[in-house]
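[1] Take a look and give me a structure for this.
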Amino acid sequence: MPEHANDFNADELQAPEWMDNDFFLKVLQNCEKKGSRVEIVSTKISPASMKGDHYASVMFRALLEYKLDGVHKTKSVILKTMPESDGHKKEMLGNTDIFEKEISMYTRVLPRFEKILRNAGDNTVLKAPCLYSALEPKKVIVFEDLVPAGYEVVRGRVLSVEEVKAAYFKLAKWHAISYKINLEEPQFFDEFQRGIFNMSNIANEPFMASGIINFVELLKKTPSLQSYLPYFEKLQPKLLERCRASYAEYRDAPKEGACYVLCHGDFHAKNMMFKHHKGTDDVEDVMLLDFQIGYVGPNVNDLIYSIYCLLDENMRLDFPALLYHYYTVFKSTLASIGFKGTSPSLMQIRQHYRRHKDLELFLLVTFLPMWYAINDEPDVENMMTSDEYRRAMYDSKEYIKYVEQVLPEYLHLGYLEE
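    This next block holds a predicted model:
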């Protein structure tokens, strides 16, 4: 068991028995030169992430010592697999296709995206190197560890504006390429039909429906917020269904002129690793991670998601400038990869953003309290399983202060009108 065990998820303290030398030999034989002789010398396995970094998988880091044709080598790899211990996480994820999706992203989709960029003279990297993947006998993906290359997950602070712009830069390129492919070859994304609101195992979780309920209770007991109660009481039975419709819009009811792309689906700070210049601390690169719940939908959904899952209070005020940054990269990427159609205008994107306002309200009342709680105490298991714990999140003074600030803005924007 590693030191400071409480800093890690309980199901990542002990590696499963199948992660043995035979397994790692298979991994190395897959990623080294074909026909080379590989001999495992030693393996050292530890948790790959900190508590609160993720929930929808189990992750380990393995330091491998081996001989390649007699030459001593070392390699650090990250292993991502499904939970094996009985409990909520296993039940929620057991019948989903999240691993099938992610393997397809790393082996089929993102390699094509990068090839399109290379053909346009663009060397932007969209993925960490995938060394091995399998669905049988265990669902597992093995990546090259980015930490030795200087990448890190940002913890203990909010992202800087420079880091956020780097993340939007990558997202905009990703969106632009998928926009073009989806118009020309929509069947290429056939397996990416369901986002988080359309995956029954996740969409039916109590935490998805309880947010608006707990928010209404907060409004009732907070004098400064009671004037907003009638709107959210009317919205309560409709909010989750409207979000489901937003995520399913491309498949069920596509809108003329909408911008449909392959959405990341979980575009937040813990799903990114940043590399900084050692001398100046400037951002050199950001690597987007975790493609398990990608789906084809409105590009604005990733952008709206980022409001409460990527930005802090101050950067939310500057979102129009960040959206413009995203848009310029999106538009220039379409031009560079040879898109001949009419790209959506910035005004159209802003109009589509407003049309999906219910997603933003859902994130305010459901996900934002969770982010405040994760920053204070990263107990994701309780957050997902305990009604009492979730209700307590709404007592956060920081959260209430923000709600008092943002609800007047939503009122003035017309968000609180049917």
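[2] Just the terminal-to-terminal distance for stretch 254-261.
    12 Å (C-alpha to C-alpha, to the nearest Å).
[3] which residues are contacting that stretch?
    Defining contact as C-beta atoms under 8 Å, 6 or more residues apart in numbering, one finds that stretch 254-261 is touched by 174-176, 178-179, 182, 249-250, 296-300, 302, 344, 348-349, 352, 355. In this view, the C-beta of every residue, glycine as well, is placed from N, C-alpha and C.
[4] Any buried residues in it, and which?
    By 16 or more other C-beta atoms under 10 Å, the buried positions in stretch 254-261 come out as Ala258, Cys259, Tyr260, Val261.
[5] Make JSON lines out of these and add distance to Lys75, secondary structure and pLDDT.
    JSON lines is the format used below for these (distance: C-beta to C-beta, whole Å; DSSP: H, G, I helix; E, B strand; the rest coil; pLDDT from 0 to 100):
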{"residue": "Ala258", "distance to Lys75": "44", "secondary structure": "coil", "pLDDT": "94"}
{"residue": "Cys259", "distance to Lys75": "41", "secondary structure": "coil", "pLDDT": "97"}
{"residue": "Tyr260", "distance to Lys75": "39", "secondary structure": "strand", "pLDDT": "98"}
{"residue": "Val261", "distance to Lys75": "34", "secondary structure": "strand", "pLDDT": "98"}
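[6] Pick out whichever of these sits closest to Tyr106.
    Proximity of the buried residues of stretch 254-261 to Tyr106 was ranked by C-beta to C-beta; the top entry is Val261 with 18.3 Å.
[7] And that closest one, how far from Leu240?
    Noted for Val261: a distance of 23 Å to Leu240, by C-beta to C-beta, to the nearest Å.
[8] before we move on, what about Met383?
    Distance from Met383 to Leu240, by C-beta to C-beta: 18 Å.
[9] Give me the residue at the spatial middle of this protein.
    Asp266 (2.6 Å; C-alpha atoms, centre = their mean).
[10] Quick check: the closest residue to Asp318 other than its chain neighbours vs Thr124, distance?
    Of all residues not flanking Asp318 in the chain, Val161 sits nearest, at 7.6 Å (C-beta to C-beta, 6 or more residues apart in numbering). Distance of Val161 to Thr124, computed by C-beta to C-beta: 20 Å.
[11] One more: Phe113?
    9 Å.
[12] More neighbours: the two, which one.
    Between Phe113 and Thr124, counted using other C-beta atoms under 10 Å, Phe113 has the larger neighbour count: 21 against 16.
[13] which element is the more buried one on?
    Assigned by DSSP states H and E, Phe113 belongs to helix 110-119.
[14] tell me how far stretch 371-383 is from the chain's mean position?
    Mean C-alpha position of stretch 371-383 versus that of the full chain (C-alpha atoms, centre = their mean, to the nearest Å) differs by 17 Å.
[15] In that stretch, which residues are buried?
    Trp371, Tyr372, Ala373, Ile374, Pro378, Val380, Glu381, Met383.
[16] List the strands paired with the one helix or strand Val296 maps to, with their directions.
    Using DSSP H and E, Val296 sits within strand 295-298. Its sheet considered, strand 295-298 pairs with strand 260-263 (antiparallel) by DSSP bridges.
[17] just checking, what packs against the helix or strand that the strand it pairs with is followed by?
    Reading on from strand 260-263 to the C-terminus, the next helix or strand found by DSSP H and E is strand 272-276. Where contact means 3 or more C-beta pairs under 8 Å, 6 or more residues apart in numbering; DSSP states H and E, strand 272-276 is packed against strand 151-152, helix 161-184, strand 283-288.
[18] can you list contacts of the helix or strand hosting Glu241?
    Assigned by DSSP H and E, Glu241 falls within helix 239-247. Applying C-beta under 8 Å, 6+ apart, the contact partners of helix 239-247 are 194-198, 203, 208-209, 212, 252-253, 295, 297-298, 301, 356, 358-359, 361-362, 365.
[19] Kindly export that helix (C-alpha atoms) in CSV.
    Extracted C-alpha coordinates of helix 239-247, given in CSV (Å, rounded to 0.1, in the frame of the first residue of the first chain):
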residue,chain,number,x,y,z
LEU,A,239,-34.8,20.4,-16.5
LEU,A,240,-33.3,17.0,-16.8
GLU,A,241,-35.4,16.1,-19.8
ARG,A,242,-34.5,19.3,-21.6
CYS,A,243,-30.8,18.4,-21.1
ARG,A,244,-31.4,15.0,-22.5
ALA,A,245,-33.0,16.5,-25.6
SER,A,246,-30.1,18.9,-26.0
TYR,A,247,-27.6,16.0,-26.0
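[20] tell me what the helix or strand just after that helix is packed against?
    Going down the chain from helix 239-247, the next helix or strand is helix 249-252, by DSSP H and E. In terms of contacts (3+ C-beta pairs under 8 Å, 6+ apart), helix 249-252 is packed against strand 295-298.
[21] For the strand it packs on, the averaged confidence score.
    If you average the pLDDT over strand 295-298, you get 97.
[22] residues in contact with that strand?
    Contacting residues not belonging to strand 295-298 are listed as 178, 182, 189, 192-195, 198, 246-251, 258-263, 265, 352, 356 [C-beta under 8 Å, 6+ apart].
[23] Any chance of the backbone angles for the most far-flung residue of the chain relative to its centre?
    For the chain, the residue at maximal distance from the C-alpha centroid (C-alpha atoms, centre = their mean) is Gly70, at 40.7 Å. Here is the backbone geometry of Gly70 (degrees, to the nearest 10): phi 90, psi -10.
[24] Cool, thanks, signing off.
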